[in-house]
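Student: after the sequence you'll find the predicted model.
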Amino acid sequence: MITAGLVFAALAALLHVYIFTMESFTWTSPRTRAAFGTTPEEAETTQLLAFNQGFYNLFLAIIAGIGIAEVAMGHRLIGAALVFAGVGSMVAAALVLVVSAPDKARAAVMQGTFPLISIVLLVLGLAT
């Protein structure tokens, strides 16, 4: 179960690196604007905010990645704590998104599913 939980944490981290790229580097491109549902004007106005938010996503991915590496090196509890910090924050952000913008529920589900599965699997794996 722990290995499966780490796989889902890695998938969550990769997704958040992708989100980082979109928010921090391609925010005003037509493809990214379509994904986030913004107009060219909105994208220009919010570019600096998106750039900053992208780094939050990157940092969460890095935390989860370091946790995965720590577990792989045999530091199970330290690694698990880092993974939980990273993926737990991802789930919390998905909840904030769906509560604050119910029309973004699809994005919240996409953002929160892998980390939630990771949490469940890691809890089950660590409990045994």
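Tutor: In hand now; what should we look at?
Student: CA atoms for contacts and neighbours, from now on please.
Tutor: Noted.
Student: which residues in the protein form helices?
Tutor: Taking DSSP state H as the criterion, the chain carries its helices at 2-25, 30-36, 40-72, 76-100, 105-127.
Student: tell me the most buried of those helices?
Tutor: Among these, helix 2-25 has the highest mean neighbour count (mean count of other Cα atoms under 10 Å), at a mean of 21.
Student: one step back: for the helices of the chain, please prepare CSV with the additional fields mean pLDDT.
Tutor: CSV is the format used below for the helices of the chain (pLDDT from 0 to 100):
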stretch, mean pLDDT
helix 2-25, 98
helix 30-36, 96
helix 40-72, 98
helix 76-100, 97
helix 105-127, 97
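Student: check contacts around the nearest residue to Gly67 once chain neighbours are set aside.
Tutor: Spatial nearest neighbour of Gly67, excluding adjacent residues (Cα to Cα, 6 or more residues apart in numbering): Gly79 at 3.9 Å. Going by Cα atoms under 8 Å, 6 or more residues apart in numbering, Gly79 touches 66-71.
Student: identify, from the residues you listed, the entry nearest to Phe8.
Tutor: Nearest to Phe8 among those is Ile68, at 10.4 Å by Cα to Cα.
Student: can you tell me how far the closest one sits from Phe55?
Tutor: 20 Å (Cα to Cα, to the nearest Å).
Student: before we move on, what about Val83?
Tutor: From Val83 to Phe55 the distance is 18 Å (Cα to Cα).
Student: cool, Ala127 as well?
Tutor: For Ala127, the distance to Phe55 - Cα to Cα - is 33 Å.
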